[in-house]
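**Q** okay, structure incoming, though there's no sequence with it:
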């Protein structure tokens, strides 16, 4: 499948590399077509590199791996026509590092980044997932023992089904559908606890398993 | 040990009953000394009933099991002199149900209920814990399989040690110290995800287990 990965950071590199290794035709998009990190992905993983608009045009499915505070601007650079009615899998977090560590959330409680994207681009089928784990766990959940959990939020059932297929291909087995796009507030607000656990445990390679009776 | 439980709702009943059954001398405090639910606890469990101020005076350790939006008012009713420098174990959540279900948080992201209490009563040793599970799981974690997690936040190490002793007596085995009282923001902001999981799983009897490499 043709996939566009928006963002050249740690999450973008991990997801683009994994998708390319799974046999997909992946273009990584950055601020310019000759973005160093996107070109490095092209060389290293045999994928494609382009500007945000190129990657958005290339993909039948798109991944948002940008910083949360840049996402809306990046998606405008990608271009509403290129985004069309595509599935956009949003793994970003609305973190504000401007006041140092730990970051706070730029939006919380009564809104979420996923909802902001959905409002700004109503035709796009936004699915929130994977934002609750570090990049290495996103693409290789089996690094951790047992069946730990990942969440899905989105308004379109078929789009969530496609996101679920990617999760299964990455190795996820406990995938919990939380509901419509407003349910993304839950996983996004997990970030403050995530950051505290990161400090308490001394590693980013952890996750939560939801356990019920 | 003499313990005061502030609040007569589901969490207060569960915690007061459990503590009484463990051999402690428990007084449940309500809005008045003849509060029906506190008197019912006295009859059912053999504990004591009183007003908030009576329970606060009685306990060497106190549990805050009130509604988050009433907590500060209740603690003023309990009386600063009765609270003294005691350990106050805060299991409440700052939920706003005024706009229906699902509730939002009255404070989030840059503040927490636990910090509000600590600011209002600086001498009290506030410890946040147990707010991330339903009452039946608070006092009987072994209802769920495996070692699932509970969190501790507070400024006073000895107070956290006393809270930990209660958790161990209740049956908790995975107790994660997140840090000072500001770290209560994480567990309090878990509530939106908790509410979504409650809907998705069809039960309140669940929890998260923190899994690391």
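**A** All right, it came through fine. Keep in mind that this is a model prediction, so the values were computed, not measured.

**Q** where does chain A dip in pLDDT?
**A** Scanning chain A for pLDDT under 70 picks out no residues.

**Q** quick one: the strands in it?
**A** A:2-6, A:25-30, A:48-51, A:61-64, A:87-90, A:95-96, A:104-105, A:125-128, A:149-154, A:174-179, A:206-212 (DSSP state E).

**Q** mind listing what's buried in the second one?
**A** By neighbour count with 16 or more other Cβ atoms under 10 Å in any protein chain shown, strand A:25-30 contains the buried residues A:26-30. C-beta: built from backbone N, CA, C; applies to glycine.

**Q** how far away from the center of its chain is that strand?
**A** Strand A:25-30 sits 14 Å away from the centroid of its parent chain (Cα atoms, centre = their mean, to the nearest Å).

**Q** neighbours around residue A:114, how many?
**A** 30 (other Cβ atoms under 10 Å in any protein chain shown).

**Q** what's the neighbour count on the nearest residue to it once chain neighbours are set aside?
**A** In space, and not counting its chain neighbours, residue A:114 is closest to residue A:184: 3.6 Å by Cβ to Cβ, 6 or more residues apart in numbering or on different chains. Other residues near residue A:184 number 31, with proximity taken as other Cβ under 10 Å.

**Q** residue A:184 and residue A:206, how far apart?
**A** 21 Å (Cβ to Cβ, to the nearest Å).

**Q** could you do residue A:121 as well?
**A** Residue A:121 is 33 Å from residue A:206, by Cβ to Cβ.

**Q** how about residue A:151?
**A** Distance from residue A:151 to residue A:206, by Cβ to Cβ: 16 Å.

**Q** these two: which is more packed in?
**A** residue A:151 (26 against 20).

**Q** list the buried ones in stretch A:162-182?
**A** A:162-164, A:166-167, A:170, A:172, A:175-179, A:181-182.

**Q** residue A:4 pairs with what?
**A** Beta bridges link residue A:4 to residue A:27, residue A:62, judged by DSSP bridges.

**Q** so it sits against residue A:64, correct?
**A** No - using Cβ atoms under 8 Å, residue A:4 makes no contact with residue A:64, being 9.8 Å away.

**Q** ok, and what's touching the lengthiest helix in chain A?
**A** Counting residues, the longest helix found in chain A (DSSP state H) is helix A:157-170. Outside helix A:157-170, the residues within contact range by Cβ atoms under 8 Å, 6 or more residues apart in numbering or on different chains are A:18-19, A:22, A:61, A:87, A:89, A:125-127, A:129-130, A:138-141, A:150, A:152, A:154, A:175, A:177.

**Q** ok, and of the residues you listed, which contact chain B?
**A** residue A:177 (Cβ under 8 Å from any Cβ of the partner chain).

**Q** can you turn the buried part of the contacts of helix A:157-170 into a PyMOL selection?
**A** The buried residues among these can be selected in PyMOL (16+ other Cβ under 10 Å) with this line:
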select buried, chain A and resi 18+19+61+87+89+125+126+127+129+130+138+139+141+150+152+154+175+177
